[in-house]
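Novice: just a sequence and a predicted model for now, questions to come.
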Amino acid sequence: MSRSLPEDLIQIPRIIIAGTHSGCGKTTIATGLMGALAARGLVVQPFKVGPDFIDPTHHTEICGRSSRNLDPFMMGKDEVFRTFISASKGADIAVIEGVMGLHDGVEGTAESSTADVARILSCPVILACDVKGMSRSVHAMILGYTTYDPNVTFAGVIYNRGGSDHHREMIGSAEKLRSLGWIPRRDELEVQSRHLGLTMAGEGEGMHASRMIVEECCDIEGILQAASAVPPFRQRIDDKGECETRAQIGVALDAAFCFYYTENFMKLRRAGADLTFFSPITDPLPDVDALYLGGGYPELHAAALEANPCRQQIRKVADNSLPIFGECGGLVYLSRSLKTNEGTFAGAGVIPGDAEMKSRFQALGYVDGTVTGDTALLPASLGFRGHEFHYSALYPDSGCRYAFALKRGKGIVDGKDGIVEGNTIAGYTHTYFTQRFADALVAMAESKKSE
């Protein structure tokens with residue numbers, strides 16, 4: 001990854017696959033490129049712009065390195081830079097998959113758009129264009145995207161869902177931005193989806209087909225040249241790594257609980273947590289000082305979650321004041337019951353409320369909140385950001401206390417999130433931890449350990 005440079009500089013070859021809009025083929029191209037580069041023996045570090053959990057699972061499976069989210073709204077620009085530098089250590093190239101359309105950011109702004117990340121990282125963009133039903137007009141569209149923000153640099157364009165050779169000739173005759181690929185329409189490239197997005201890694205064959213089509217139809221050497229012709233970074237962030245273990249935190253990780261930001265784990269470890277991963281579907285509850293139950297698909301595994309004794313074990317340790325932090329799917333699991341199309345299933349019964357799956361999403365968007373004074377787990381007035389996306393609704397009992405006041409986001413009810421019950425906090429927000437947030441959770445686990 002590095003070449004002969006002054007000690008304070010580091011060279012990281014990098015490229016962003018951006019789209020004109022959602023559904024234009026950028027996931028096919030990004031995952032196909034990751035696979036093609038990895039097949040050449042390169043160490044590929046994957047990234048995903050935005051708060052998405054699902055695309056990174058595919059990246060991680062393809063590259064064998066944990067994909068990281070890059071989201072300036074949740075993280076801040078310095079954290080985007082720090083995460084990119086830290087995660088790219090030991091890699092030959094970084095491939096970043098964009099989000100939505102290139103210039104689509106928060107509330108119609110540029111913030112947290114793919115273009116925003118491209119500017120922060122001085123990273124060239126390959127624009128993915130769906131050319132079905134178009135010929136020369138695609139160049140007018142490309143011209144708009146490439147001139148809209150003069151601070152974004154473009155390496156080229158990859159045309160997706162192309163037709164015949166004649167179709168390619170018509171587009172090529174008026175080309176102004178360098179072509180780095182022409183991908184024809186093929187059914188095997190369709191990736192199946194469910195209500196929260198694409199299927200998870202390992203659930204379909206589309207991602208494997210994408211590597212073959214990118215190798216066949218894209219200019220890999222040209223992409224590598226563009227990724228290498230980037231300015232070096234000045235290393236200005238000291239990554240201190242993990243510290244001495246202060247507490248053991250159990251993390252639910254299986255097919256039901258699979259939505260986590262990798263940086264949250266990193267920050268917990270930096271704060272002194274030793275993480276023990278377990279499956280509430282199949283495993284007994286491990287002997288730990290605190291629990292972290294993330295989001296995922298508990299509704300798809302409700303019967304198995306109900307049947308496993310882990311559910312009652314969690315209720316017992318919650319009654320004994322073990323600190324528990326639950327997010328979205330974790331909230332649903334911790335509730336008394338979950339109603340789905342298949343029936344009503346018992347939950348852990350820690351949270352005084354009942355969950356129900358709905359036919360359309362109940363909340364979608366960024367969250368910006370503050371911790372109230374109603375919890376011992378986190379200090380009052382601590383700010384945090386995150387994301388919410390769920391099809392379930394929670395019906396809490398009256399009189400519930402809430403840990404989070406949201407100035408942006410829906411939460412459980414009326415901008416309130418994070419029901420507090422004993423030493424448990426569970427809400428719909430997928431929180432992107434600050435180091436202070438992670439420090440507080442580990443400190444609480446440590447304090448209960450010493451009692």
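Specialist: Right, received. Where do you want to start?

Novice: give me the contacts around stretch 111-124.
Specialist: Stretch 111-124 is contacted by residues 14-16, 18-19, 49-50, 70-74, 77, 80-81, 84, 96, 98-106, 110, 125, 149, 151-155, 226-227, 229-231, 233 when judged by Cβ atoms under 8 Å, 6 or more residues apart in numbering. In this view, the C-beta of every residue, glycine as well, is placed from N, C-alpha and C.

Novice: what sits closest to Lys26 if chain neighbours are left out?
Specialist: In this structure, Lys26 finds its nearest non-sequential neighbour in Gly19, 3.8 Å apart by Cβ to Cβ, 6 or more residues apart in numbering.

Novice: is that neighbour in a bridge, and if so with what?
Specialist: Applying DSSP bridges to Gly19 yields these beta-bridge partners: Ala128.

Novice: for it, grab the count of nearby residues.
Specialist: 27 (other Cβ atoms under 10 Å).

Novice: contacting residues around it?
Specialist: Contacts of Gly19 by Cβ under 8 Å, 6+ apart are Gly25, Lys26, Gly98, Met100, Gly101, Leu102, Thr114, Leu127, Ala128.

Novice: confirm for me that the first one is in contact with Ile126.
Specialist: Put plainly, it is Gly25. No - Gly25 is beyond contact range of Ile126, at 11.5 Å (criterion: Cβ atoms under 8 Å).

Novice: so between those two, which is more surrounded?
Specialist: Ile126 (29 against 23).

Novice: if I look at Ala393, how far off is Val413?
Specialist: Plainly put, Ala393 is 10 Å away from Val413 if you go by Cβ to Cβ, to the nearest Å.

Novice: low-confidence bits of the stretch 101-250 of the chain, can you list those?
Specialist: 187-207, 236-242 (pLDDT under 70).

Novice: so who does the nearest residue to Lys267 once chain neighbours are set aside touch?
Specialist: In space, Lys267 comes closest to Ala438 once its chain neighbours are excluded; the distance is 3.8 Å by Cβ to Cβ, 6+ apart. For Ala438, the contact set (Cβ under 8 Å, 6+ apart) comprises Asn264, Lys267, Leu268, Arg270, Ala271, Ala273.

Novice: any idea which of the residues you listed is closest to Leu9?
Specialist: Distance to Leu9, by Cβ to Cβ, is smallest for Arg270 among those, at 25.1 Å.

Novice: let's see the pLDDT reported for the closest one.
Specialist: The model reports Arg270 with a pLDDT of 95.

Novice: just to check, it is in contact with Cys243?
Specialist: Yes - using Cβ under 8 Å, Arg270 is in contact with Cys243, at 6.3 Å.

Novice: who's more crowded, the two?
Specialist: The neighbour comparison of Arg270 against Cys243 (other Cβ under 10 Å) goes to Arg270, with 18 against 12.

Novice: which residue ranges of the stretch 1-150 of the chain form strands?
Specialist: In order along the chain, the stretch 1-150 of the chain carries the following strands (DSSP state E, counting those that start in this stretch): 9-10, 14-19, 44-49, 68-70, 93-97, 125-130.

Novice: which strands or helices does the fifth one pack on?
Specialist: Which is strand 93-97. Applying 3 or more Cβ pairs under 8 Å, 6 or more residues apart in numbering; DSSP states H and E, one finds that strand 93-97 contacts strand 14-19, helix 26-39, strand 44-49, helix 220-228.

Novice: and the longest one with strand 125-130, angle?
Specialist: What that stands for is helix 26-39. Orientation check (axes from the mean of the first three to the mean of the last three Cα atoms, to 10 degrees): helix 26-39 against strand 125-130 gives 130 degrees.

Novice: same deal with the first one?
Specialist: Between strand 14-19 and strand 125-130, the angle comes out at 30 degrees (the same axes, to 10 degrees).

Novice: just the last one next, same as before
Specialist: Inter-element angle recorded for helix 220-228 and strand 125-130: 140 degrees (by the same axes, to 10 degrees).

Novice: against which helices or strands is helix 220-228 packed?
Specialist: Helix 220-228 makes packing contacts with strand 14-19, helix 26-39, strand 93-97, strand 154-162, strand 179-184 when contacts are defined by 3+ Cβ pairs under 8 Å, 6+ apart.

Novice: can you do 10 Å?
Specialist: Packing partners of helix 220-228 (3 or more Cβ pairs under 10 Å, 6 or more residues apart in numbering; DSSP states H and E): strand 14-19, helix 26-39, strand 93-97, strand 125-130, strand 154-162, strand 179-184.

Novice: redo the ones you listed as TSV? Include distance to Asp8.
Specialist: Listed next are the helices and strands packed on helix 220-228 as TSV, based on distance: least, Cβ to Cβ, whole Å:
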stretch	distance to Asp8
strand 14-19	19
helix 26-39	28
strand 93-97	20
strand 125-130	27
strand 154-162	27
strand 179-184	33
